[in-house]
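[1] Structure, please.
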Amino acid sequence: MTGVVESTVIRQVSIVHEFKLDLRNGIVLCSELSESTVSSFPDVNQRDMKNGYVWYTLPIVDINGESVVFSLCFFNSRIQSLSISIANPQKYGSSWNDFSESKEKLRAKDTEKWLSSIGYQVGKYLWGAVWAGYDSKGGFGHAVVRYAL
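    This is a model prediction of the structure:
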């Protein structure tokens, strides 16, 4: 009698219900974050595009061993997206004089790895999407979280 061994592969599927990240500085990044909370935050850099879009760049935050920059995009006071990038002047440079496409592509890969390490894989979700890569028009590597609102 021939024995048949049945193999079962179990995959761990992580269902991400929303991009939500507590920066431990008074701001929790999530789809419910209000523009008034961000605009009143100390040392935030605001860029009002005068078309309903307002961008806020937060001070650098240290999370899981990395210095991270978050820029938040609001449209008519509702959060639309986040731009996320690792800040490491020794590795990526600190000005346009240090720019290289290869450094920025590395920043994009490192930012993607960092997001993955905190539980957010690049992909599409019911709540929105996570993307990481090099933006050739802007000349920088980063990740983007978009909320499907």
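
[2] Quick check: phi and psi at residue 110.
    phi -70, psi -40 (degrees, to the nearest 10).

[3] Excluding sequence neighbours, find me the nearest residue to it.
    residue 86 (5.0 Å; C-beta to C-beta, 6 or more residues apart in numbering). All C-beta atoms are positioned from the backbone trio N, CA, C, and that covers glycine.

[4] wait, isn't that neighbour in contact with residue 70?
    No. In this structure residue 86 lies outside contact range of residue 70 using C-beta atoms under 8 Å: 11.2 Å.

[5] Show me which of those two is the more surrounded one.
    Taking other C-beta atoms under 10 Å, residue 86 and residue 70 do not tie; residue 86 has more neighbours (24 against 21).

[6] Name whatever forms a beta bridge with that one.
    residue 68 (DSSP bridges).

[7] If I look at it, what pLDDT would I see?
    At residue 86, the pLDDT value in this model is 97.

[8] Please apply the same query to residue 15.
    Reading off the model, residue 15 has pLDDT 55.

[9] again with residue 97
    Predicted confidence (pLDDT) for residue 97: 86.

[10] swap in residue 131?
    Confidence score, pLDDT, at residue 131: 97.

[11] is it true that it touches residue 142?
    No. Judged on C-beta under 8 Å, residue 131 makes no contact with residue 142 at a distance of 9.2 Å.

[12] Mind checking which of the two has more residues around it?
    The neighbour count for residue 131 versus residue 142, taken as other C-beta under 10 Å, is higher for residue 142 (22 against 15).

[13] Tell me the secondary structure at that one.
    strand (DSSP: H, G, I helix; E, B strand; the rest coil).

[14] Next, the contact list for it, please.
    Residues near residue 142 by C-beta atoms under 8 Å, 6 or more residues apart in numbering: 83, 84, 85, 107, 108, 111, 132, 135.
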